[in-house]
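Enquirer: Give me a 3D structure for the following:
(3 chains)
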Amino acid sequence: MLEKIKFYQTGSNTVGNRLLNPSMRTIQASVDRPNALISGHRACQGCGEALGARYAIDAAMRATGGQLMVVNATGCLEVFSTPYPESAWRLPWMHSLFGNAAAVGSGLASAAKIRAQKNGDSVVPRVIAQGGDGGTTDIGMGCLSGMFDRNDDVLYICYDNEAYMNTGVQRSSATPPSARTATTMPVGEHPGADWGKGKDVPLIAMAHGIPYVATATVADLRDLEQKVTKAMSYHGARYIQILVPCPLGWGLKSSGLTVTAARLAMETGFYPIFEAEYGKITSVRKIRAKQPVTNYLKIQKRYAHLLKKNADPNTVARLQAMCDQNIKDFGLLGDDQPELNPTAIQAYERSQAI
Amino acid sequence: MTEQIEGSLGVAKAVALCRPGIVCAYPISPQTHIVENLGKFVKSGALKNCDYLNVESEFAAISVSIGSSAGGARTYTATASQGLLFMTEGIYNASGLGLPIVMTVASRAIGGPINIWNDHSDSLSQRDSGWLQLFCESNQDALDTHIMAFKIAETVGLPVMVCMDGFVLTHAFERLELPTQEQVDAFLPEYEPREYLTPKEPISIGSMVGPEAFTEVRFLQQRKMAKALKVIEDVTAEYRKITGHHSGGLLDCYRCDDAELKLIIMGSTVGTAKDEIDRLRDKGVKVGLISLKAFRPFPYEALRKAIGDCKKVVCVERAFSFGSRGIICPEVKRAMEGTGCDVKTAIAGLGGRAIFGTTINGIVRAAFEGKFKDEMTWFDVNSNVLNSYTKDGEGVTFPEGPLSDSQLHASVK
Amino acid sequence: MLKKAFAVTLDPATSLENHTGSWRTLRPVNVFKLPPCNKQCPAGENIQQWLYYAAQGDYEQAWRILTEENPFPACMGRVCYHTCEGKCNRGLLDESVGINSVERFLGDYALEHGLAFKRPTRESGKKVLIIGAGPAGLSAAYHLRRFGHTVHVVEQGKEPGGMMRYGIPTYRLPRDILDKEIKRITDMGVTIECGRKVDDIEAEKAKGKYDAVILGLGAGISQNVDIPQGDTNHILNALKVLGEIETTGKLDSEIKVARKVAVYGGGNTAVDVARSLRRFGAEPIIVYRRNRDKMRASEEEMAAAEAEGVQVKWLSTITGASKDKLKIEKMALDENGYPQPTGEFEELPADAVVLALGQNVDQAAIQKLKELKFEKDSLIVDPVTLETSVKGIFAAGDCATRDRTVTHAIGMGKNAARAVNAYLKGTVYKKQPKHEDAKFEDMHPWYYSEAPKTVRPELEAARRTSNFDEVQHGLTEENAIFEARRCLSCGNCMECDNCYGVCPDSAIIKLGPGKGYEFNYDYCKGCGICAQECPCGHIAMVPEKI
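Expert: Numbering: from 1, shown residues only, chains lettered A, B, ... in the order given. Got it, this is the predicted structure:
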């Protein structure tokens, strides 16, 4: 009878739920989850990246039966997890440089394959390369594209917090328009980050025709785990971009708002969540409870200048229009179908600028 | 087996004999022929259990190498010039992580202006990178040094650059003697990494080290370099015993007995110099040659011994340090400190300018005539070419070369 | 073994040496808040808790939690006006949880499966006399028995149940249900003596060597109003009508001949009478001096009555009655909502009038005890202990309150029992302080799945008016679980694992099923994500003592 009732208090929206069959709970709900990134790391309070990394790597650990190795680009995650003499990782992990994680991942994957071949092992450990948005969309872009090009057996995970947080919140090509960063200060006629700059790396990844591309956030754990698990079922180059709010860099009203901020990014359409296989979008995470973009903006000090009394109301309206465009392009609402060929939101920004 | 083949092919065959797990490279002249051949060996199946990765840049090439070496596979790559510089960040990283990668630098000038020909400005730019740098005087030497390089790298736990002159060696066809696979297998066993990434023992490689331990990390790295001096000698001795090839070593002396002047040269110029020294010796000129094989670690002790009582040394250098002087010379001076040995630099052969026997002959003559007054002399500079520019622009003309460093400085006063 | 490089290579999980808990300025703590349903329940039921067990299919445990407070879930699941649902936080999300229907499901489940109350493990040797076997008396008896006391109940009616039997029509509460739930109490060893009226409480107490007495008298007398009437119009009172139906299964012959019956009043009794009369083929019309908004009767009951064809005359008072019609004065509400006469009159055809204007307590039984003090017809009791002005004599239910519902009576009975228990031990009963309220603002509604309320199946209106079959049916097991799972678990952990999952520092310890979670303060940095993402507002951040 219990199994027959499909309704649960919180359904699949929470991490677990005692009413759910354990197999239907998230990996994070389990007491024997891998905890690949363990306590004692030095991430700031409420760090979305620490959370996202544990979510993703734990899921991959499960998917590979623990046969997993990680390459980490320079950045917050690397710094807070492995300052001498303590490492917070519980799996084979290495850090080389800021911009080369994808290539190091390629080499590591090749080495694992060759070693297994030589030793006659049937199991080849799998490789994840990971980095922040700076290490991925900017300085690591060449190596990333090369890895995609060769279709190396590496899952690249970008923990996107939309700026260079480790160096003190400077703009990256993943910084959204109007956001305040240390290099896009809220001063002058057009405060915050310029409109019409930046790039959409998930779409760029798709253009390589690699087997799997997805976006996710720390606010939808089940979706994230399912995507990592699916990614690990493929061989070849794969890319997952996870939105991981940074309480400090975003100026969240409190460090406890990390997950809430990510949720609002999804529910406003600000950050479209989808997956694509072999260059084509195959599913979209629908918005559950649509929110106006102001609900997202108002909990972040990086947008405070937009909501001040003398602020130009047009900017918020344009951000709302941008969300609406995402909703339309990706079919984020109800039964909407995504466009066959969604374009980077920057295209919209640039077209509006003209 | 003796073959009449291109140097690059010889090196490729030598590398293949070492059974690498990963070969990756990005095309840059004059290194291309080596990796092209290796790519063919892998694709044809001649080289088994090896991945060949076509990467999108040298930065990726060194990065893939870092990954594969950390993953426990014997790793080889090759580059030159701009490519080496594009790798730089990874170069330092690889040595810091103690990864025994072997990389050929097909030495070539660094631009701009872009120049594809040989000199040593690329490899010497990386002298502080923490890699071992072994220079080859011939293709036979290059071929053998690559095989030894793997053993040295893996024994010491540091990466090795095998520096062979671009085009002059890489593209030259010579009679080369390759050791047999059995010989190499006996010499170089299956790679057993000291540490590597494996789920069996999950370590974290590449931590962030702060002031509390950074000096000690560096001290230990330097200690490896010190250890490498003996390892190079031991490995060379072992290799020579197995193959009978007279290659490798920290340095090599040629007709140095009773020499009143010793030239110190790295790379393919050694061969030209040897011929000219033979001619000079025939005429009774007491000149000898030290072929410097290991630039990093620098063999101070061995060099001091090799120079011995000789009081006149000229380093024929194919690179220099802007705003300073020669690069080899100060190292030799350090080795000879307190001996009263006179050490000078003759700059020659930049950007592919040929060093002929006559060039060597001129250097020897100038040395004996006491013409090297300054520490550094632009030996093969062409004053006509210079004057064609400086005369019109600045009203400055230079006398016919060689030009001393003080002439250069005087011209700007 | 690998030859690890100094400093550059680290061993796994060595960060555990680094106790990041020292960074904390705020500390997460589990708070147990008072869910609005629990707060509202007059019987003090721990609704959230028993829904918790019902949701996981552990009906027996749910029933045991429920009956910690209330021994009549099958009855209450039928007759309680479930004001809890009006306060339910889920009402702010979609619709309130059908608490009452799950309670009935659990009650019926227990009866069906013969679940019994546990007898006390130890006898205290103390004896308590309870006057009245209505909901208050029986509730008190049940709780006292659980404490191990010997309990004897004396009831003047023929059968136990009080107003549950003589005031509530069977179409709302079938009597076999009531009988079974009473039997479960007597099975614990409570004795009930029916058909005897106690005149002298003190003498009774002395004679039986009782250590304490609880008065549980109901409001069994209908209030009267003087309506000038001719001989031929029948004016009766509501309790008499309902009592007759219960005891004889028939209507008083006086009304039987009447077709058009005016039921005068706006409370639940008026609705009960009207709906009962409808079942005998009458055409009842409720006459009430205020409007619908001001009506005291349960909205659901009123809606059911209307569906069955009961008519209502709003804003009307009966000023006179003659043979086959009533004289009605129209009323108007003043700005305070009180009805004021308008001086406008009209006629309403009616063969009889049933007065349902409220009930009073029959004070005859306790008048001998001169020290008892009254306010109107209610005994004055200590608000906490429910002790009357006479030491050792306590009171509960209608005789001690103006909130005269079955649920209130049950709650008071429980409180009186606790007070008596304290009294018997020589102490004074004190109420436990309540937890802080669980407010909707403290919750995280995004997490809950959408789900409309399950509607209880009902007998079709057309088939209702001809018999006294139970109108409302119970939920199927499937529906009951569904409904229980709609509970938001306000202010109390429901083990959704959210805190455990969302902690970036893995600083929550999961203790296992039913045990909840603990904070690992060695590593907790106090970021507050767990508190922010707890769906039920069970975690609070409190300043760290520095």
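Enquirer: Could you check how far the residue nearest to residue B:99 when sequence neighbours are not counted is from residue B:351?
Expert: Spatial nearest neighbour of residue B:99, chain neighbours left out: residue B:69 (3.9 Å); criterion: CB to CB, 6 or more residues apart in numbering or on different chains. Just so you know, the C-beta spots here come from the backbone N, C-alpha and C atoms, and that holds for glycine as well. As judged by CB to CB, to the nearest Å, residue B:69 and residue B:351 stand 33 Å apart.
Enquirer: Which one's more surrounded, those two?
Expert: Between residue B:69 and residue B:351, residue B:69 has the larger neighbour count (other CB atoms under 10 Å in any protein chain shown), namely 31 against 17.
Enquirer: Just to check, the more buried one is in contact with residue B:93?
Expert: No - taking CB atoms under 8 Å as the definition, residue B:69 is not a contact partner of residue B:93, at 11.0 Å.
Enquirer: Which residues are in contact with residue A:293?
Expert: Residues counted as contacts of residue A:293 (CB atoms under 8 Å, 6 or more residues apart in numbering or on different chains) are A:268-270, A:316, A:319-320, A:322-323.
Enquirer: In helices, which of these appear?
Expert: Mapping these onto helices (DSSP state H) picks out A:316, A:319-320, A:322-323.
Enquirer: Which secondary structure state does residue A:156 sit in?
Expert: strand (DSSP: H, G, I helix; E, B strand; the rest coil).
Enquirer: Same question for the one 3 residues further on.
Expert: Recorded secondary structure, residue A:159: strand (three-state DSSP).
Enquirer: ok, what's across the strand from it?
Expert: residue A:132, residue A:242 (DSSP bridges).
Enquirer: Would you mind confirming that it makes contact with residue A:240?
Expert: No - between residue A:159 and residue A:240 there is no contact under CB under 8 Å: 9.7 Å.
Enquirer: Same list (the ones in helices among the contacts of residue A:293) but as JSON lines, adding pLDDT.
Expert: Below are the ones in helices among the contacts of residue A:293 laid out as JSON lines (pLDDT from 0 to 100):
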{"residue": "A:316", "pLDDT": "96"}
{"residue": "A:319", "pLDDT": "97"}
{"residue": "A:320", "pLDDT": "97"}
{"residue": "A:322", "pLDDT": "96"}
{"residue": "A:323", "pLDDT": "97"}
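Enquirer: Chain B: which of those is nearest?
Expert: Chain B has its nearest neighbour among the ones in helices among the contacts of residue A:293 in residue A:322, at 32.4 Å by CB to the nearest CB.
Enquirer: What about the closest one, how many residues nearby?
Expert: Residue A:322, neighbours per other CB under 10 Å, totals 23.
Enquirer: ok, it touching residue A:347?
Expert: No - counting by CB under 8 Å, residue A:322 stays clear of residue A:347, with 11.1 Å between them.
Enquirer: residue contacts, the one residue in the stretch 351-500 of chain C that gets nearest to chain A?
Expert: Proximity to chain A, evaluated over the stretch 351-500 of chain C using CB to the nearest CB, is greatest for residue C:497 at 2.8 Å. Residues in contact with residue C:497 (CB under 8 Å, 6+ apart) are A:14-18, A:25-26, A:28-29, C:510.
Enquirer: same thing with residue C:472?
Expert: Here residue C:472 is in contact with C:78, C:172, C:456-459 (criterion: CB under 8 Å, 6+ apart).
Enquirer: gap between it and residue B:275?
Expert: Relative to residue B:275, and taking CB to CB, residue C:472 is found at 115 Å.
Enquirer: Now do the domain split for chain C, please.
Expert: C:18-32+C:493-543, C:36-115+C:445-485, C:127-212+C:363-424, C:222-359 (automatic domain parsing).
Enquirer: mind listing what the residue nearest to the residue of the stretch 351-500 of chain C closest to chain A when sequence neighbours are not counted touches?
Expert: For residue C:497, ignoring the flanking residues on the chain, the nearest one in space by CB to CB, 6+ apart is residue A:16 at 2.8 Å. Counting by CB under 8 Å, 6+ apart, residue A:16 touches A:25-26, A:28-30, C:495-498, C:500-501.
Enquirer: mind running it again at 7 Å?
Expert: Residue A:16 makes contact with A:25-26, A:29, C:496-497, C:501, according to CB atoms under 7 Å, 6 or more residues apart in numbering or on different chains.
Enquirer: Doesn't it belong to a helix?
Expert: No - using three-state DSSP, the assignment for residue A:16 is coil, not a helix.
Enquirer: Wait, a helix at residue A:174?
Expert: No - Residue A:174 is assigned coil when assessed by three-state DSSP, not a helix.
Enquirer: could you list every residue that touches it?
Expert: The neighbours of residue A:174, taking CB under 7 Å, 6+ apart as the test, are A:133, A:137, A:160, A:162, A:198.
Enquirer: May I have the secondary structure class of residue 332?
Expert: Because you didn't say which chain, this covers chain A. Taking three-state DSSP as the rule, one finds residue A:332 in the coil state.
Enquirer: nope, chain C
Expert: Taking three-state DSSP, the label given to residue C:332 is strand.
Enquirer: Tell me if I'm right that it and residue C:338 touch.
Expert: No - with contact defined as CB atoms under 7 Å, residue C:332 and residue C:338 do not form a contacting pair (9.8 Å).
Enquirer: between these two, what contacts are shared?
Expert: With CB under 7 Å, 6+ apart, residue C:332 and residue C:338 have no common neighbours.
Enquirer: Rounded mean pLDDT for the top helix by length along chain B, please.
Expert: Longest helix of chain B, by residue count under DSSP H: helix B:214-243. For helix B:214-243, the mean per-residue pLDDT is 98.
Enquirer: same for that helix, what does it pack against?
Expert: Helix B:214-243 sits against helix B:139-156, helix B:181-187, with contacts defined as 3 or more CB pairs under 7 Å, 6 or more residues apart in numbering or on different chains; DSSP states H and E.
Enquirer: pLDDT (mean, whole number) over the last one?
Expert: Throughout helix B:181-187, pLDDT has a mean value of 97.
Enquirer: Test for you: state the pLDDT assigned to the closest residue to chain B within the stretch 201-350 of chain C.
Expert: For the stretch 201-350 of chain C and chain B, the shortest gap (CB to the nearest CB) falls at residue C:300, measuring 62.9 Å. Per-residue confidence at residue C:300 stands at 87 (pLDDT).
Enquirer: next one: phi and psi at the closest residue to chain C within the stretch 251-400 of chain B?
Expert: Per CB to the nearest CB, the residue of the stretch 251-400 of chain B with the smallest distance to chain C is residue B:297, at 18.8 Å. Dihedral pair for residue B:297: phi -70, psi 150, per degrees, to the nearest 10.
Enquirer: For it, grab the count of nearby residues.
Expert: Residue B:297 is flanked by 21 other residues according to other CB under 10 Å.
Enquirer: where's the spatially closest residue to it that is not a sequence neighbour relative to residue C:196, distance?
Expert: Nearest residue to residue B:297 in three dimensions, chain neighbours excluded: residue B:225, at 4.4 Å (CB to CB, 6+ apart). Distance of residue B:225 to residue C:196, computed by CB to CB: 109 Å.
Enquirer: ok, now residue B:357?
Expert: 140 Å.
Enquirer: who has more neighbours, those two?
Expert: Between residue B:357 and residue C:196, residue B:357 has the larger neighbour count (other CB under 10 Å), namely 16 against 11.
Enquirer: so that one makes contact with residue B:271?
Expert: No - if you go by CB under 7 Å, residue B:357 and residue B:271 don't touch, sitting 10.3 Å apart.
Enquirer: which SSE is the residue nearest to residue C:479 when sequence neighbours are not counted in?
Expert: Distance criterion CB to CB, 6+ apart; nearest residue to residue C:479, sequence neighbours excluded, is residue C:454 at 4.6 Å. Assigned by DSSP states H and E, residue C:454 belongs to neither a helix nor a strand.
Enquirer: Point out where the stretch 1-150 of chain B drops to low pLDDT.
Expert: Residue ranges of the stretch 1-150 of chain B with pLDDT under 70: none are present.
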